[in-house]
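Chemist: Need a 3D model of the following:
(chains A and B)
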Amino acid sequence: MEPLIEYRISDSVRTLHQQSEDGGVRVQMSAMTKEQGKQAVALDTSDADAFATFMGNYETWNAQNALSSASNFDNAYFRGIVNMGKRAVPFIYEELKKGPTNLVYALDAIFGNPIKYEGFMPLEKSCEIWLSILQKIEKN
Amino acid sequence: MALDTAENREKLIATFHLLAGDGNFHITSRKTPSYNCIAWAMGFDDRWVDCYLDSDTARKKWWPDDVERDFKPETLIKAFEAVGFVKCDDDAPEDGYDKVALYKVSPLMDPMSGKLIAAEGWTHAARVQDRNIYHSKIGESFDIKHSSGGVFSGSPYGTIYQFMKRKVTDRSISENIQKQVPGFSIPDDILNIIQAIME
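Modeler: Numbers count the residues shown, from 1 in each chain, chains lettered A, B, ... in the order given. The predicted model follows:
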């Protein structure tokens, strides 16, 4: 069966398949780590929903803020990403790997602000810190 | 990857309509959320300079100490003064000085009731690149070059209300601020904290 979407998280490859089951259509995500050589994580339809929810919030938030000189993290769509909790983390991680993103502030909120900052911190540095932490989590 | 493409230009023209007829309009950098227009005009490329208050503002945005956090046009002038700029009368190039243009929107009144719908407020700042050429960062989007004057009229950026200038030798004020290394601490058990939530 042809994958509908394929995306990579460093050592793992995840594919989204569409499967017939009892005459219906079921969406399933799976992940395979190269290190383990076996299926490590199975994500069901709810995670496909999480992806759609995340992208809907992220794209709308971007559309509302992209040209503004004043960033607004009280925005309902940014809060929507934070409210997704851990379900948003894999998608934020993917965006972090592409480059600096304000989504890093959602990670702070989701994990209860574990990193203590002494005042202003450049976005790029914040993203480096969180990226290194998530890469360690992924390797563990 | 090409930046100054018709597709990218259209994304900006959709909001800033007068750019469509501006022969000086060019896209000059990739999109980045790392800095905004105010930062760029002040001489920073690593920070978002913004007074908007929300949760944990101090860690996300930089604003000069001792300058109030509000959108009054005179407050943005004070913020630029804090990094060495002074008011000036025009955008004519002047040897030994960098110049910037500050933009605001005018108050919006309900024509029927006369009540205030939206307050006056600062919106944008641009570097004066040369005679009739400005260099702007557009929110989290691209850097662009564009004509001076009213190219943002009728858009959310509004019109110019103040020109300011700073000695070229005083660029070091911003450079020294940018060199300051911010402090932070990561708890020893950070991986456990995250893994516990992710499980």
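Chemist: Let me see the backbone angles for B:I133.
Modeler: Here the main-chain torsion angles of B:I133 (degrees, to the nearest 10) amount to phi -120, psi 120.
Chemist: actually A:N113, not the one I typed
Modeler: The phi and psi values for A:N113, taken as degrees, to the nearest 10, are phi 50, psi 60.
Chemist: Would you mind listing the buried residues in the longest helix belonging to chain A?
Modeler: For chain A, the helix reaching the highest residue count under DSSP state H is reported as helix A:45-65. By neighbour count, and taking 16 or more other Cβ atoms under 10 Å in any protein chain shown as the criterion, the buried residues in helix A:45-65 are A:47-48, A:50-51, A:53-54, A:57-58, A:61-62, A:65. Any C-beta I mention is one placed from the backbone N, CA and C, and that applies to glycine too.
Chemist: tell me which of these is nearest to chain B?
Modeler: Compare each of the buried residues of helix A:45-65 with chain B using Cβ to the nearest Cβ and the shortest gap goes to A:N65, at 6.6 Å.
Chemist: for the longest helix of chain A, packing partners?
Modeler: Other elements packing on helix A:45-65 under the criterion 3 or more Cβ pairs under 8 Å, 6 or more residues apart in numbering or on different chains; DSSP states H and E are strand A:24-33, helix A:76-83, helix A:89-98.
Chemist: and stretch B:166-183, how far out from the chain's middle?
Modeler: For stretch B:166-183, the distance between its averaged C-alpha position and the chain's averaged C-alpha position is 17 Å (Cα atoms, centre = their mean, to the nearest Å).
Chemist: for stretch B:96-114, that is, sorry about that
Modeler: In terms of Cα atoms, centre = their mean, the centre of stretch B:96-114 is set 14 Å apart from its chain centre.
Chemist: Give me the below-cutoff pLDDT ranges for the chain.
Modeler: All of this refers to chain A. Residues of chain A that meet the criterion pLDDT under 70 lie in A:1-46, A:140.
Chemist: oops, I was thinking of chain B
Modeler: Within chain B, the stretches with pLDDT under 70 are B:55.
Chemist: can you rerun that using 90?
Modeler: Per-residue confidence for chain B (pLDDT under 90) gives these ranges: B:1-2, B:52-60, B:106-119, B:131, B:149, B:181-183, B:188-189, B:191-199.
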